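K.L.:
The following block contains a protein sequence and its predicted model.
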Amino acid sequence: MILLEVNNLQKSFDGSAVLKNISFSMEPGQVLAIIGSSGSGKTTLLRCLNFLETPDAGEIIVKGQKLLGGASEEQIRKNRLHFGLVFQNFNLFPQYTALENITLAPSLLGLGSKQELRDNAMRLLEQVGLRQKADFYPYQLSGGQQQRIAIARALALRPEVLCFDEPTSALDPELTGEVLRVIRGLKNKDNTMIVVTHEMEFARSVADVVIYMADGVIEEMGTPEEVFEHPRSEKTKAFLRGAASVL
Ligand SMILES: Nc1ncnc2c1ncn2[C@@H]1O[C@H](COP(=O)(O)OP(=O)(O)OP(=O)(O)O)[C@@H](O)[C@H]1O
Ligand SMILES: [Mg+2]
């Protein structure tokens, strides 16, 4: 079964093409890792999927339902609910506690009673290992903890596809492990996820499919073994050599 289908997605800024005919599909429970150098269009792709940017052309289809095309504000809000997005810089609301950060959006959308939303948030806090921090404010939490709260917040809306944009790149190295462990745990619970990452080892071990993006195109797509061990394109080989030399 296909959960997400992206067909010929295109996006330009000021006449320069940033996404050129991006097409891929995902099955439920799959993890897609997207790698690629700076400026290759990875964030723009996630922003299009989350309807934070409007693509110029192309289709986004979730469970057979086409989400693009002449969308009203109301429709865009609905479209957004299919996807969750965890940002590089956590973006928690500083004036709210961890628990409130998680319950805010579901409560605005009327997704349950106060008690139900609270119980669900506590369950999510448990899942990211932070139940004891429910009443802490973001400034009282480490970067890794803030990112785990941001993940719980995204999960609270039960997205069909959870997207991560370099979820560990703003973290000190000793804090990346705890966030990657949470993402790995979500895979084991059959969450469908797209992870933009510079963590090659993580991509290799967690992803079902890896996409290497270069200059707005999918330069290479395959299993981690295909992309990392047997890349076909010269650009991919050069990128992987560069990534290896950084490690
Ligand atoms: N709102 C915008 N207006 C104009 N140009 C933009 C906008 N957003 C992105 N771009 C351009 O689109 C290109 C792709 O940007 P994008 O942020 O998607 O790259 P990326 O692959 O996520 O890079 P990085 O690894 O540095 O995060 C860049 O050249 C960028 O300058
Ligand atoms: Mg980016």
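P.N.:
Sure, I can see it. Ligands and ions are numbered 1, 2, ... in the order given.
K.L.:
mind checking how far residue 80 is from residue 166?
P.N.:
Between residue 80 and residue 166 the distance is 20 Å, computed by CB to CB, to the nearest Å. (C-beta placed from N, C-alpha, C; glycine too.)
K.L.:
who's more crowded, these two?
P.N.:
residue 166 (20 against 17; other CB atoms under 10 Å).
K.L.:
next one: the longest helix seen in the chain to chain centre, how far?
P.N.:
Ranked by number of residues, the top helix in the chain under DSSP state H is helix 173-188. Helix 173-188 sits 13 Å away from the centroid of its parent chain (CA atoms, centre = their mean, to the nearest Å).
K.L.:
Any buried residues in that helix, and which?
P.N.:
175-176, 178-180, 182-183, 186-187 (16 or more other CB atoms under 10 Å).
K.L.:
Moving C-terminal from the helix or strand of the chain with the lowest mean pLDDT, which element do we reach first?
P.N.:
None of the helices or strands of the chain scores lower by mean pLDDT, DSSP states H and E than helix 73-80, at a mean of 82. Remark: after helix 73-80, the chain's next helix or strand is strand 83-86, criterion DSSP states H and E.
K.L.:
quick one: average pLDDT of that next one?
P.N.:
On average, the pLDDT along strand 83-86 is 96.
K.L.:
Could you grab the helix/strand/coil label for the closest residue to residue 3 other than its chain neighbours?
P.N.:
Spatially, and ignoring its direct neighbours in sequence, residue 3 is nearest to residue 28 (4.6 Å; CB to CB, 6 or more residues apart in numbering). Per DSSP: H, G, I helix; E, B strand; the rest coil, the secondary structure class of residue 28 is coil.
K.L.:
Packing partners of the helix or strand hosting residue 12?
P.N.:
Taking DSSP H and E as the definition, residue 12 sits inside strand 4-13. Contacts defined by 3 or more CB pairs under 8 Å, 6 or more residues apart in numbering; DSSP states H and E place strand 4-13 against strand 16-26, helix 42-49, strand 57-62.
K.L.:
what would the ones you listed look like in CSV with mean pLDDT?
P.N.:
Output for these, formatted as CSV (pLDDT from 0 to 100):
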stretch, mean pLDDT
strand 16-26, 97
helix 42-49, 97
strand 57-62, 94
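K.L.:
how about these, which one is nearest residue 34?
P.N.:
Among the helices and strands packed on strand 4-13, helix 42-49 comes nearest to residue 34, with 5.3 Å by CB to CB.
K.L.:
close to ligand 1, is that closest one?
P.N.:
Yes: contact between helix 42-49 and ligand 1, assessed by CB under 6 Å from any ligand atom, occurs at 42-44.
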